[in-house]
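**Q** I'd like to go over a predicted model; first the sequence, then the structure.
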Amino acid sequence: MAATGHRRAPDQVSTRRAAYEARQRRRANMIAGVSTFGVLALLLVLVPLAPGWQAVKASFFDGDVFLRTFPGLLQAFVLDVAIFAWSVPLIFALGLAIALARGARNPALFPLRIFGAVYVDLFRGIPVVLLVYLVGFGIPGLGLPRPWNSPYIWGTVALVLTYSAYVAEVLRSGIESIHASQRNAAICLGLSERDTMRHVILPQAIRRVVPANMNMLVALQKDVALLSFIGPVEILRQAGIYKSLLANFTPYVAAAIIFLCVTVPATRYADYLLNKDRNARS
């Protein structure tokens, strides 16, 4: 009985544990902040001491060139956003079709499974820039009339072919992550195989793969710049034009900053969705 009198209450133990963890988090944040500040301070001190810093500063960090070219680059970036906007629904639709083809269970649809596997292997194996060249220069070379020889059309096709292969695999993993008992229960309730996929499997699978597909969208936003190689005057091509006119690389730095203003928030949001999904499953 005496021993039980000295036993700590569970709420006291949990409170002390929470206080200890809070102290550890504060200590870790303080160490991380100090080390980060130290690294930045060293960079700010040591980089300007490099022998070629003045030449690099004049070529890449010219404030006057930055202010002159930034509005034009921002206007050209609108084209990147437009290509991204019309590519996303096409990528998702084709990726979903390929994922469903790869997951087809009917023996009569076995050729579709083969086609889906070949499609994914083919377009995931070809680098995006190479496919942009092959499609962007090869198909217009057939002598198609306007507007079917437009680099905007065939550049978009190249992006859709590549990214739909990746999205298809992500969607297929989401579909396969749904437990078989849910499919069996839906069929026992009288739903057809098609309705089971449409109303039971796909809604859950799509929710599960949203974080992974967000990372795909971030990568797509950057790869839109590859279309500049086949003609469209988007932000990368516009930066190259300014670089040639002004003999200065600062426009490329300005273009990089514009990309970062879009991709960094999108990446952080994707990380937030991943953590939220991980916590919901734990």
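**A** Everything's here; your move. Numbering: from 1, shown residues only.

**Q** Strands of the stretch 1-150 of the chain, start to end?
**A** Taking DSSP state E, counting those that start in this stretch, the stretch 1-150 of the chain contains no strands at all.

**Q** For it, which segments count as helices?
**A** Along the stretch 1-150 of the chain, the segments classed as helices by DSSP state H, counting those that start in this stretch run 2-5, 10-46, 53-60, 63-102, 110-125, 128-138.

**Q** Including mean neighbour count, distance to Ile235 and mean pLDDT, could the ones you listed go into JSON lines?
**A** Using the backbone N, CA and C atoms, a C-beta is placed for each residue, glycine as well. Output for the helices of the stretch 1-150 of the chain, formatted as JSON lines (neighbours: other Cβ atoms under 10 Å; distance: least, Cβ to Cβ, whole Å; pLDDT from 0 to 100):
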{"stretch": "helix 2-5", "mean neighbour count": "6", "distance to Ile235": "72", "mean pLDDT": "49"}
{"stretch": "helix 10-46", "mean neighbour count": "10", "distance to Ile235": "27", "mean pLDDT": "81"}
{"stretch": "helix 53-60", "mean neighbour count": "13", "distance to Ile235": "17", "mean pLDDT": "88"}
{"stretch": "helix 63-102", "mean neighbour count": "17", "distance to Ile235": "4", "mean pLDDT": "93"}
{"stretch": "helix 110-125", "mean neighbour count": "14", "distance to Ile235": "25", "mean pLDDT": "92"}
{"stretch": "helix 128-138", "mean neighbour count": "17", "distance to Ile235": "16", "mean pLDDT": "92"}
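
**Q** and those helices as a markdown table, adding distance to Ala180?
**A** Listed next are those as a markdown table, based on distance: least, Cβ to Cβ, whole Å:
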| stretch | distance to Ala180 |
| --- | --- |
| helix 2-5 | 50 |
| helix 10-46 | 39 |
| helix 53-60 | 57 |
| helix 63-102 | 17 |
| helix 110-125 | 18 |
| helix 128-138 | 36 |
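
**Q** among these, which is nearest Ala225?
**A** Ala225 lies closest to helix 63-102 among those, at 6.6 Å (Cβ to Cβ).

**Q** Which secondary structure elements does the closest one sit against?
**A** helix 110-125, helix 151-177, helix 202-223, helix 235-246, helix 250-281 (3 or more Cβ pairs under 8 Å, 6 or more residues apart in numbering; DSSP states H and E).

**Q** Out of the helices of the stretch 1-150 of the chain, which is closest to Ala165?
**A** Evaluated over these, closeness to Ala165 peaks at helix 110-125, with 4.0 Å, by Cβ to Cβ.

**Q** Work out the gap between that closest one and the centre of the chain.
**A** Counting by Cα atoms, centre = their mean, to the nearest Å, helix 110-125 is centred 22 Å from the centre of its parent chain.

**Q** what does that helix rub up against?
**A** For helix 110-125, contacts defined as Cβ atoms under 8 Å, 6 or more residues apart in numbering pick out 98-99, 101-104, 131, 161-162, 164-166, 168-169.

**Q** Since that was my last question, I'll sign off now.
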